[in-house]
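[1] Okay, structure incoming, though there's no sequence with it:
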């Protein structure tokens, strides 16, 4: 797997083990050869995704700061490679042939960055509210339709108390979980285009429900059969 830059590598969701090494300028080619052999050996290990090496000149003009990023799918796979006899053998051979001991330090953020990528992204509140709205509207309308002859006979405060309880149970335990599953990718996406597609689909569904409840005959709120003057006020 090839990564075009460090940002893409760190955002890949894999475990990235970063090592900083200070090497003499004259040992650069030897260091690159070592990394090449390391890469070939690591390819035989499960979960290995590749590695990158970059160099930066030190202020003394005689040394380089080499940054090597080793990428594995998971932490335990990387630790298996780091503790392997193959890696230790390559390091020993390279240091013996070049008469130089490489001193490397682990980047402290290596573990933190991986843990953060494994944490689920926080879903925006407005997206959740939009799905609740989509679930709430038909729930309330159907409750009015089905409960017109029962709940409608209760005093208004008691009617609202019972109606709200039924609506919350219906949306919270049935509709919202199913809508969340249906819109799972939309809830977690950061794509502007995909986000707008989800918003549009919710609005279209609400428009369809609005037309459905408005045009169906025989509904408790149907006023299509009333004469215009029946809605007027008589002034005495």
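    That came through, no problem. Values in this document were obtained by computation on a predicted structure and should not be read as measured data.

[2] In the chain, where is pLDDT below threshold?
    The model of the chain has pLDDT under 70 over residues 1-13, 98-121, 149, 152, 218-236.

[3] At which residues are the helices of it located?
    Assigned by DSSP state H, the chain shows helices spanning 6-10, 28-42, 75-82, 85-98, 109-118, 125-146, 156-170, 176-182, 184-188, 192-215.

[4] Looking at those helices, which is nearest to residue 67?
    Closest to residue 67 of the helices of the chain, according to C-beta to C-beta: helix 6-10, at 8.4 Å. Placement of C-beta: from N, CA and C, glycine included.

[5] follow-up on the earlier one: quick one: the helices of the chain as TSV, columns for mean neighbour count too.
    Output for those, formatted as TSV (neighbours: other C-beta atoms under 10 Å):
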stretch	mean neighbour count
helix 6-10	15
helix 28-42	16
helix 75-82	17
helix 85-98	13
helix 109-118	14
helix 125-146	16
helix 156-170	13
helix 176-182	14
helix 184-188	15
helix 192-215	12
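
[6] partner residues bridging residue 50?
    In this entry, residue 50 is beta-bridged to residue 71, by DSSP bridges.

[7] Report the separation between it and residue 16.
    With the distance defined as C-beta to C-beta, to the nearest Å, residue 50 ends up 11 Å from residue 16.

[8] Between those two, point out the one with more neighbours.
    Taking other C-beta atoms under 10 Å, residue 50 and residue 16 do not tie; residue 16 has more neighbours (26 against 16).

[9] which residues are in contact with both of residue 50 and residue 16?
    Residues touching both residue 50 and residue 16 by C-beta atoms under 8 Å, 6 or more residues apart in numbering: residue 71.
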